Structure formats: structure tokens, C-alpha cells
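Enquirer: Just the structure for this:
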Amino acid sequence: MSTGQPTRLVVLAGPTAVGKGTVAAEVRAAHPDVWISISATTRAPRPGEVDGVHYWFVSEDRFDEMVASDDLLEWAVVHQRARYGTPRAPVEEALAAGCLALLEIDLQGARQVRTTMPDALFVFLSPPSWEELVRRLVGRGTENDEERARRLETARQELASEAEFDVTVVNREVHAAAEELVALMTYDHESTRAD
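Expert: Numbering: from 1, shown residues only. The predicted structure follows:
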């Protein structure tokens, strides 16, 4: 949805394995008018991930270049391994064009965006319970035991950050969480225009 008037960025973050990517994919499928940023990452693609669709998979050297030239709105080392970052120009272009714009990122990145774009709406995606978060991470089957343990420790720390966000959406079911997120984006945009 493009209004022609600048819009406010919506930032979606939450603990690892909560389903941020799945909820964003559902928004993309059900609401193609919502612009969703594609992050750059130095990690290898998971099975089924496509460069330029799920992430921009870049080399360490290319990522260094992007950081040095201030081409990233935010970036972070995630799970003590790979770097992730949000290319700045596409976000600024989408907002200037009046698109409903969504950034799906990790907690470290959300904190950086709060510094660089404090007017954004920050949405925390929460699991229905810790047990469900563990089940989702184990069920994903994409990490070995060591990586899974590292991600679970990260998730415990990330869950404690919920109070830093403007609003929480609980991901009990993907479609419902995606619809709640889009409703928040639409309401926020309409109320911002009315101000």
C-alpha cells in the first residue's frame, strides 16, 4: 500500500526461532502491498533460501565494504557467528514513497534502529511459551546441538527485552500473528496521517 506520503517504519524483532521470518513471509504472501526489507547476511543459505528473496547472502569482504560506506541502517553479529544488516537505501526509498514498510530483524539490530530511526514502531514477536520456543527450534532441524544450545541461550536473553518494545504480538499461529501485525501497521499509518 503506497500513499504517496512518507510513512513510519515498523520494526519486528523477537527471540530466535519465534517465527519472525515465517510471519514476515505470511505478510508477504497475504499482503503483497507491504514492503518488507531484505537483510544482508554473511551466513550460508539454509535449505530452500534464495539469494535476494530471503536474504542477500554476501561475503565477509562485501559486508565490510557496506559497513565502511554506511550503507547499512543497522548491523550485528548474531549467535556469535554470522553478521546481518539492513541495507539503508531501500528502506529510505520505501518510506519516502509512502509504502507500509516492515523490517524483520534481531534484537541487536532493533536497538540500533531505535537510535537511528527513533520514530519507528517497534513490535516484539513473542512465543506463547518457552516450551513452544524450544519445540520450534528443535523441530526446525537446521542447527546442530552446539548451535541449538547457543541459540537457546541467546533466546533467554532476548525474551527479557520485551519491555523495550512499543507493542507485543504473540505468535500462537502464524496467519493470526501476521494479520495482527498488518493491522498494527495500517492503524499506525492511518493515525499518523491524521496527526
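Enquirer: partners of the helix or strand where L103 lies, with directions?
Expert: Using DSSP states H and E, L103 falls within strand 101-104. Strand pairing for strand 101-104, determined by DSSP bridges: strand 10-13 (parallel), strand 35-36 (parallel).
Enquirer: Now do the longest one: distance to the chain's middle.
Expert: Centroid separation for strand 10-13 versus its chain: 5 Å, with C-alpha atoms, centre = their mean, to the nearest Å.
Enquirer: Would you mind writing the CA trace of that strand as PDB?
Expert: The C-alpha trace of strand 10-13 is given here as PDB (Å, rounded to 0.1, in the frame of the first residue of the first chain):
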ATOM      1  CA  VAL A  10       7.600  -0.800  11.600                       C
ATOM      2  CA  VAL A  11      10.400  -3.000  13.200                       C
ATOM      3  CA  LEU A  12       9.600  -6.600  14.000                       C
ATOM      4  CA  ALA A  13      12.000  -8.400  16.400                       C
END
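Enquirer: Quick check: next helix or strand after that strand?
Expert: helix 20-30.
Enquirer: Could you do the shortest one as well?
Expert: Scanning forward in sequence from strand 35-36 by DSSP H and E, the next helix or strand is strand 40-41.
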